[in-house]
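A.B. asks: heads up, no residue letters with this:
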């Protein structure tokens, strides 16, 4: 299981602020609240949401907050996730090379890449090539169809080839579906059973 930090407000509120300069204290308070929730839910991963920001000060704030969070929760696996600008305009983290550089800068054993194939395809147009380059950094994979984040069986991503890559590389993390069904969910689950 994975939960977000902070739990996002999809009714118009902020969807993360770990990279927003000046909100370090707020991030720390909300991270500790998230950790209290995690004591009960026991998620394997907590996704640290970057939020809307840009520039070097945002990168510094993100690295500072991630460094602090990984030390506070040394036994908890944390993730960062690039999110495309169409779905979340202005989101600080929307580049996979930048995510890799931030992971290297923080260099914490409990911080990993959250690889959402939907966002990868929306950002780069080639989810398989990005996996080949950076998949070794990922501990959690999410799938959804492009366009529309609908079912994975009819979309711009060759999911059978993607799953074959995961198997060939002996990926041992989780793969979860995150999509908005256009049809019955059971129709898409047939792909996973194959």
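C.D. replies: Received it, and whenever you're ready, just let me know what you need. Quick caveat, the model's predicted, so the values are computed rather than measured. Numbering: from 1, shown residues only.

A.B. asks: Output the below-cut-off pLDDT ranges for the chain.
C.D. replies: In the predicted model of the chain, residues 7-13, 184-194 satisfy pLDDT under 70.

A.B. asks: Got the phi and psi for the residue nearest to the spatial centre of it?
C.D. replies: Centroid check for the chain by C-alpha atoms, centre = their mean gives residue 81 as the closest residue, at 2.9 Å. With angles defined as degrees, to the nearest 10, residue 81 sits at phi -140, psi 120.

A.B. asks: Hmm, it is touching residue 120, no?
C.D. replies: No - if you go by C-beta atoms under 8 Å, residue 81 and residue 120 don't touch, sitting 10.1 Å apart. All C-beta atoms are positioned from the backbone trio N, CA, C, and that covers glycine.

A.B. asks: Can you tell me the SS state at the nearest residue to the residue nearest to the centre of the chain once chain neighbours are set aside?
C.D. replies: In space, and not counting its chain neighbours, residue 81 is closest to residue 114: 3.7 Å by C-beta to C-beta, 6 or more residues apart in numbering. Per DSSP: H, G, I helix; E, B strand; the rest coil, the local secondary structure of residue 114 is strand.

A.B. asks: Neighbours of residue 114, how many?
C.D. replies: Counted with other C-beta atoms under 10 Å, the neighbours of residue 114 add up to 23.

A.B. asks: Let me see the contact set for it.
C.D. replies: Residue 114 makes contacts with 2, 45, 47, 79, 80, 81, 138, 139, 140, 142, as judged by C-beta atoms under 8 Å, 6 or more residues apart in numbering.
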